[in-house]
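*Asks:* One predicted model, sequence on top.
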Amino acid sequence: MTLLDVRGLTVRTDEGRTLVDDLSFTVGGGERLGLIGESGSGKSLTTLAVLGLLPAGMTATGSVELAGTQIVGAPEKRLTAVRGRDAAVVFQEPLTALDPLMRVGRQIAGPLGRRTGLRGAALRAAVVEALEQVRLPEPARVARAFPHEISGGQRQRVALAMALACAPALLIADEPTTALDVSVQAEILALLDTLVREREMAVLFVSHDLAVVAQVTDRALVLKDGRAVEEGPVLDVVGAPRAAYTRSLVAGARTLQAALDLRSSR
Ligand SMILES: Nc1ncnc2c1ncn2[C@@H]1O[C@H](COP(=O)(O)OP(=O)(O)O)[C@@H](O)[C@H]1O
Ligand SMILES: [Mg+2]
């Protein structure tokens, strides 16, 4: 079953700059697609267009069907119904998703209560359980904390718990570990991998880091200047790239890895 069907997606600014150019891809139910590309290649705008969240001054054309709903040109009311239920998003910076003035528990209680119909003590218990599921130590304490009172890695776990609270069919993760320390990155990546597998959730995973994409996706799509360069099983794309551009990305990543290995062996 095709969950997300993107055809000829094009994003242009009002001034006429084309930022995403005739992009087509699909994500099946339970499938995990990686969107790879350097900074500025149009990855984030693609995910925002999928959610109908493009910034003012930009327009999408083409077709984006999410669980059978057309997103391009849809009225806000239809988009609100789709967000959360069919797709939820985790951004690079967890503070984007979190209200700084609201305790963490209340923020998760919103979407969780809407979906489950739970209230009062039962809802509070479900919130603590949601925080436990993202392996937060002392979930009851975290529920009472404000976002600034917990660490960056813990905030990203909270953002993940919020996204999962909606039980979306598709999780969109846009550079979810890029802002974190390397050791925390690995933990969050492993957690995300486990949680989406357990729930058989589809994932659109965005990163400039090929190694990260290779860890958590089945298929990969390489973007350059808003255009698709190459698509295929992720291990083929990373292990035996066909496009010259992908080869240069892989070579760059290898050179960096070799340099890091050399350093750490000293
Ligand atoms: N709000 C905006 N207004 C104008 N141009 C933008 C805006 N957001 C992004 N862009 C441009 O669109 C291109 C793609 O951006 P983006 O999707 O954020 O790239 P990526 O996520 O791959 O780093 C970049 O050239 C960027 O400068
Ligand atoms: Mg981006």
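*Replies:* Arrived safely, thanks for sending. Numbers count the residues shown, from 1 in each chain. Ligands and ions are numbered 1, 2, ... in the order given.
*Asks:* most centrally placed residue in this protein?
*Replies:* When C-alpha atoms, centre = their mean is applied to the chain, the residue found nearest the centroid is Ala173 (0.8 Å).
*Asks:* Which strands and helices lie in contact with the helix or strand it falls within?
*Replies:* In this structure, Ala173 sits in strand 170-174 according to DSSP states H and E. Applying 3 or more C-beta pairs under 8 Å, 6 or more residues apart in numbering; DSSP states H and E, we find strand 170-174 packed against helix 43-50, strand 87-90, strand 202-207. For every residue, glycine as well, the C-beta is placed using N, CA and C.
*Asks:* Tell me which residues are up against the shortest one.
*Replies:* Identification of contacts with strand 87-90 by C-beta atoms under 8 Å, 6 or more residues apart in numbering yields 4, 47, 50-51, 66-67, 97, 156, 159-160, 162-164, 166, 168-174, 176.
*Asks:* if we can go back for a sec, who wins for proximity to Asp193 among the helices and strands packed on strand 170-174?
*Replies:* strand 202-207 (9.1 Å; C-beta to C-beta).
*Asks:* and that closest one, which strands flank it?
*Replies:* strand 32-36 (parallel), strand 170-174 (parallel) (DSSP bridges).
*Asks:* now the angle from it to helix 43-50?
*Replies:* Interaxial angle of strand 202-207 relative to helix 43-50 (axes from the mean of the first three to the mean of the last three C-alpha atoms, to 10 degrees): 150 degrees.
*Asks:* Next one: the helix or strand following strand 202-207, is it in contact with ligand 1?
*Replies:* Later in the chain than strand 202-207, the nearest helix or strand by DSSP H and E is helix 210-216. No - using C-beta under 6 Å from any ligand atom, helix 210-216 stays clear of ligand 1, coming no nearer than 12.9 Å.
*Asks:* Next, the buried residues of helix 210-216.
*Replies:* 210, 212-216 (16 or more other C-beta atoms under 10 Å).
*Asks:* just the residues you listed now: which is nearest Val128?
*Replies:* Nearest to Val128 among the buried residues of helix 210-216 is Val216, at 26.7 Å by C-beta to C-beta.
*Asks:* and the gap between the residue nearest to that closest one when sequence neighbours are not counted and ligand 2?
*Replies:* Counting by C-beta to C-beta, 6 or more residues apart in numbering, Asp193 is the residue found nearest to Val216 once chain neighbours are left out, at 4.9 Å. According to C-beta to the ion, to the nearest Å, Asp193 stands 21 Å off from ligand 2.
*Asks:* Packing partners of whichever strand or helix holds Asp193?
*Replies:* Per DSSP H and E, Asp193 falls inside helix 182-199. The helices and strands touching helix 182-199, judged by 3+ C-beta pairs under 8 Å, 6+ apart, are helix 152-165, helix 210-216.
*Asks:* Who are the packing partners of the shortest one?
*Replies:* Meaning helix 210-216. Where contact means 3+ C-beta pairs under 8 Å, 6+ apart, helix 210-216 is packed against strand 32-36, helix 182-199, strand 202-207, helix 234-239, helix 244-265.
*Asks:* how about a markdown table for these, with mean neighbour count added?
*Replies:* Listed next are those as a markdown table, based on neighbours: other C-beta atoms under 10 Å:
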| stretch | mean neighbour count |
| --- | --- |
| strand 32-36 | 26 |
| helix 182-199 | 16 |
| strand 202-207 | 26 |
| helix 234-239 | 18 |
| helix 244-265 | 12 |
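*Asks:* May I see the buried residues of stretch 100-114?
*Replies:* Within stretch 100-114, the residues that count as buried by 16+ other C-beta under 10 Å are 103-105, 107-113.
*Asks:* Please apply the same query to stretch 61-80.
*Replies:* For stretch 61-80, burial by neighbour count (16+ other C-beta under 10 Å) applies to 62, 64-67, 71-72, 74.
*Asks:* Now tell me what touches it from outside.
*Replies:* With C-beta under 8 Å, 6+ apart as the criterion, stretch 61-80 contacts 2-10, 12, 22-23, 49-52, 60, 81-82, 86-87, 169-170.
*Asks:* Could you give me the PyMOL selection string for whichever of the residues you listed are buried?
*Replies:* Here is the PyMOL command that picks out the buried ones among the contacts of stretch 61-80, judged by 16+ other C-beta under 10 Å:
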select buried, resi 3+4+5+6+9+10+12+23+49+50+51+52+60+82+86+87+169+170
